[in-house]
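Undergrad: sequence? don't have it. structure:
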């Protein structure tokens, strides 16, 4: 498949549709081992303060279910850690621990605002379905190793 770079109309119109590259999407990848890029930021989601970890898939290393369909490199997804409850804060602590060790920094604000910006990691993506909407899938990244 060709890269979807700017091309003139005559070239485009002479191509087969299968020659155009697929675009990465915003979706939780299937469970498995990945190389990812991650950035954290503070965000308000549904009137609640949260720390959001935004991920970009760099490479799929191994899928938990080999029958799953691999996502394209560049696919994006995110995880939110809501600060209004103990589970969100506790999971944020677990998430930040490998970054704290890597950057030798224990200050949460400094980690979120300054250090976890376009950091390459390897980790396991776990998935879970929403209790009320089984079509909605959430991703969680664990066993993080900072590159």
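TA: Great, that's in hand. For clarity, every value in this text was computed on a predicted model and none was experimentally measured.
Undergrad: list the buried ones in the longest helix along the chain?
TA: Counting by DSSP state H, the longest helix found in the chain is helix 86-103. For helix 86-103, the neighbour count (16 or more other CB atoms under 10 Å) marks 88, 91-92, 95-96, 98-100, 102-103 as buried. Every C-beta, even on glycine, is put in place using the N, C-alpha and C of the backbone.
Undergrad: other SSEs contacting it?
TA: strand 48-63, strand 76-82, strand 137-146 (3 or more CB pairs under 8 Å, 6 or more residues apart in numbering; DSSP states H and E).
Undergrad: so how far is the helix or strand bottoming out on mean pLDDT in the chain off the chain centroid?
TA: Lowest on mean pLDDT, DSSP states H and E among the helices and strands of the chain sits helix 9-13, with a mean of 88. Taking CA atoms, centre = their mean, to the nearest Å, the mean C-alpha location of helix 9-13 is offset from the chain mean by 35 Å.
Undergrad: what do you get for stretch 139-147?
TA: Worked out by CA atoms, centre = their mean, stretch 139-147 lies 10 Å from the chain centre.
Undergrad: got the contact list for that stretch?
TA: Applying CB atoms under 8 Å, 6 or more residues apart in numbering, the contact partners of stretch 139-147 are 28-29, 34-36, 38, 53, 55, 77, 79, 91, 94-95, 98-99, 101-102, 119-128.
Undergrad: Can you flag the buried ones in the residues you listed?
TA: 28-29, 34-36, 38, 53, 55, 77, 79, 91, 95, 98-99, 102, 119, 121-125, 127.
Undergrad: Check the gap between the spatially most central residue of the chain and residue 15 for me.
TA: In the chain, the residue lying closest to the centroid (CA atoms, centre = their mean) is residue 55, at 2.4 Å. Noted for residue 55: a distance of 32 Å to residue 15, by CB to CB, to the nearest Å.
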